[in-house]
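Peer 1: Below is the sequence, then the predicted model.
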Amino acid sequence: MRSVRFYPEAWPLHTAFVISRGSRTEARVVAVEIEENGVRGVGECTPYPRYGESEASVMAQIASVLPAIEQGADRAALQHLLPAGAARNALDSALWNLESQLTAQTLWQLTGIAPLSCISMAQTLSVDTPEAMAQAAIGHQKNGATLLKIKLDDHLITERMVAIRSAVPHVTLIVDANESWQSEGLAARCQLLADLGVMMLEQPLPAGQDDSLENFIHPLPICADESCHTADDLPGLKGRYEMVNIKLDKTGGLTGALILAQQAREQGFDIMLGCMLCTSRAVRAVLPLTVGAKFIDLDGPTWLAQDVEPALAFHCGVIDLSASQ
């Protein structure tokens with residue numbers, strides 16, 4: 001018989017995190033602990049209001065399946081007990097972690113994926129004035145970052161991007177508009193980004209308006225984030241996006257994310273790997289998917305004033321796993 005605990009946590013950020021939808025000063029997560037035979041597995045999710053989630057709604061979903069989980073429901077059963085989303089991710093991650101503890105195998109071993117010792121990733125610049133974003137870019141470059149993810153809203157696009165590119169002419173840039181643009185003027189903005197050497201544009205249009213990208217000629221790859229949650233979304237993205245951003249809080253955990261990654265590759269999509277504002281617990285759960293991803297955006301814990309213990313070894317633009325294998 002298993003026992004299950006779940007509870008909300010708030011993790012203050014060291015700096016406000018600003019995107020097109022607003023500003024945040026803390027990461028609010030829900031943690032799940034599943035104990036079996038004296039061994040405990042832990043998972044974490046970040047409820048996301050954009051997807052109609054809150055801490056209360058996520059905990060209600062978890063509570064609704066507690067009897068099944070306590071009676072031994074496995075990851076396969078979980079896929080039918082809850083829809084894809086944050087609640088299922090927390091439970092799925094805890095079940096993976098529990099199996100890892102019970103079998104004395106790493107998550108890499110359980111998934112059959114050869115482990116990495118070092119993961120290169122993006123460092124995110126949140127929305128700010130052109131001058132502030134340029135200075136932040138310089139700071140990240142000096143600290144070793146080689147890939148920057150630029151958050152933009154619908155204002156000062158040219159000013160911000162020109163300032164950043166002038167400040168860091170040799171750093172690889174990708175851009176995330178978080179659904180804040182419209183189809184009108186999109187072609188000109190894509191050309192601006194391409195002219196500045198930007199390597200990818202993420203989710204420029206609101207999810208549900210993807211038809212505007214049908215047969216849209218664009219000079220740089222476009223990645224689906226809010227428009228892609230699970231493998232079921234892939235058919236509607238063909239001919240509109242070249243890449244999909246996989247996040248466990250969208251897929252409902254690593255179990256669904258592995259399926260999405262496999263089917264996305266089979267259908268010709270490149271993979272980006274992302275996360276919400278979270279602790280190292282959440283990033284550990286997604287690490288096997290870093291293999292083969294074109295862009296990795298797992299810097300959520302680097303925004304925290306203090307991370308969970310034990311924390312992953314984050315450096316600017318790098319996760320060092322050499323001491324944790």
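Peer 2: Structure's in. What do you need? Just so you know, these numbers come straight off a predicted model, no measurement behind them. Numbers count the residues shown, from 1 in each chain.
Peer 1: Which neighbouring elements make contact with the host helix or strand of Thr15?
Peer 2: According to DSSP states H and E, Thr15 maps onto strand 3-19. Other helices and strands packing on strand 3-19, by 3 or more CB pairs under 8 Å, 6 or more residues apart in numbering; DSSP states H and E, are strand 22-36, helix 55-64, helix 66-70. For every residue, glycine as well, the C-beta is placed using N, CA and C.
Peer 1: Show me the domain layout of the chain.
Peer 2: Following the TED database, the chain resolves into domains at 2-104, 118-320.
Peer 1: With mean pLDDT and distance to Thr111 as added columns, please give these in a markdown table.
Peer 2: Listed next are these as a markdown table, based on pLDDT from 0 to 100; distance: least, CB to CB, whole Å:
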| stretch | mean pLDDT | distance to Thr111 |
| --- | --- | --- |
| domain 2-104 | 97 | 9 |
| domain 118-320 | 97 | 4 |
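Peer 1: Make TSV out of those domains and add mean neighbour count.
Peer 2: Shown next, in TSV, are the domains of the chain (neighbours: other CB atoms under 10 Å):
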stretch	mean neighbour count
domain 2-104	18
domain 118-320	19
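Peer 1: who touches Cys316 in this structure?
Peer 2: Contacts here follow CB atoms under 8 Å, 6 or more residues apart in numbering; on that basis Cys316 touches Gln123, His140, Asn143, Gly144, Ala145.
Peer 1: Okay, and which of those map to helices?
Peer 2: Within these, residues falling in helices by DSSP state H are His140.
Peer 1: Look up the closest residue to Gly72, ignoring the ones flanking it.
Peer 2: Closest residue to Gly72 apart from its sequence neighbours, by CB to CB, 6 or more residues apart in numbering: Arg2 at 6.8 Å.
Peer 1: residues contacting Asn245?
Peer 2: Counted by CB under 8 Å, 6+ apart, Asn245 has contacts Glu202, Gln203, Cys223, Ala224, Asp225, Cys228, Met272, Leu273, Gly274, Asp297.
Peer 1: do Asp154 as well
Peer 2: Asp154 neighbours (CB under 8 Å, 6+ apart): Ser20, Ala177, Ser180, Trp181, Gln182.
Peer 1: ok, and the closest non-adjacent residue to the third one?
Peer 2: Translated: Ser180. The spatially closest residue to Ser180, leaving aside those adjacent along the chain, is Ser20, at 3.6 Å (CB to CB, 6+ apart).
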